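Chemist: one predicted model, sequence on top.
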Amino acid sequence: MTEEEAKLFLSVEDNDEIVDVYEEKLFELKQFFLNRFPVTKLIRSKLASFEKVETAYRVLGGDVVNTHRQGEQVFPNAFDSLKEVFTWYYQQKNTVRLQIMAAQSHDDLVQVMKQYVQVAQHYAKQWEVSLQEEDKVGIAIGSEPDPMDIQTELNRHETEGKDFETFILSLPNENCLKSEAKRLSLWLKFESNE
């Protein structure tokens, strides 16, 4: 990418604006990731677009510092209840959200989003249920339900035991826990087709 192409790509007249434009684009991307459940195809698309922004920024003399250092993640093998799974997930999600906000580059976001997908996969596997064809209708895999609704329902069923699938499938269809299990099961299937 030439300097002229970079200026056109970032829509800047002079180099004084490049830092502001880069930071604005980075902020927009962070906000996008913070407000959505991770879907790998969408993440890749957004990161590929931002990589071009970062390339243009570097061509124009911008300095990018990679700050994220991902250690090896260790996930619990088993949970005693869905409430425990839910609590673990939201603790992990909050950690990832802080890392998204701290990210300063494309590479930082690649690492953090990879971690977010891994956390979501581990969480979703705990909720996974067998699906019928009619279970796939009307479920938006990228939209998380209100966590307070899930928490309230989990509090009502604290003694459900370790056979999560049997418990979830015994619930009425309109129950938010059953809907969440269906959504996460569909998301896992969608992600495995990645």
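Modeler: Structure's in. What do you need?

Chemist: using the three-state scheme, assign the spatially most central residue of the chain.
Modeler: Centrality entry for the chain: nearest residue to the mean C-alpha point is residue 38, 2.8 Å, by Cα atoms, centre = their mean. State at residue 38, reduced to three classes by DSSP: H, G, I helix; E, B strand; the rest coil: coil.

Chemist: tell me who's in contact with it.
Modeler: By Cβ atoms under 8 Å, 6 or more residues apart in numbering, the contact list for residue 38 reads 113, 116-117, 120. All C-beta spots, glycine's among them, are computed from the backbone N, C-alpha and C.

Chemist: quick one: it from residue 186, how far?
Modeler: When Cβ to Cβ, to the nearest Å is applied, the distance between residue 38 and residue 186 equals 14 Å.

Chemist: got it, and residue 14?
Modeler: Residue 14 is 49 Å from residue 186, by Cβ to Cβ.

Chemist: and the two? Which one has more around it.
Modeler: Looking at residue 14 and residue 186 with other Cβ atoms under 10 Å, you find the greater number of neighbours at residue 186, namely 18 against 8.

Chemist: which strand or helix spans the more buried one?
Modeler: For residue 186, the element it lies in under DSSP states H and E is helix 176-192.

Chemist: export that helix to PDB, keeping only CA atoms.
Modeler: C-alpha atoms of helix 176-192 as PDB (Å, rounded to 0.1, in the frame of the first residue of the first chain):
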ATOM      1  CA  CYS A 176     -35.100 -19.300  29.100                       C
ATOM      2  CA  LEU A 177     -32.700 -22.100  30.100                       C
ATOM      3  CA  LYS A 178     -34.000 -24.400  27.400                       C
ATOM      4  CA  SER A 179     -33.800 -21.500  24.900                       C
ATOM      5  CA  GLU A 180     -30.200 -20.800  25.900                       C
ATOM      6  CA  ALA A 181     -29.300 -24.500  25.600                       C
ATOM      7  CA  LYS A 182     -30.700 -24.600  22.100                       C
ATOM      8  CA  ARG A 183     -29.000 -21.300  21.100                       C
ATOM      9  CA  LEU A 184     -25.600 -22.500  22.400                       C
ATOM     10  CA  SER A 185     -26.100 -26.000  20.800                       C
ATOM     11  CA  LEU A 186     -26.800 -24.300  17.400                       C
ATOM     12  CA  TRP A 187     -23.900 -22.000  17.900                       C
ATOM     13  CA  LEU A 188     -21.500 -25.000  18.500                       C
ATOM     14  CA  LYS A 189     -22.900 -26.600  15.400                       C
ATOM     15  CA  PHE A 190     -22.400 -23.400  13.300                       C
ATOM     16  CA  GLU A 191     -18.800 -23.000  14.700                       C
ATOM     17  CA  SER A 192     -17.900 -26.600  13.900                       C
END
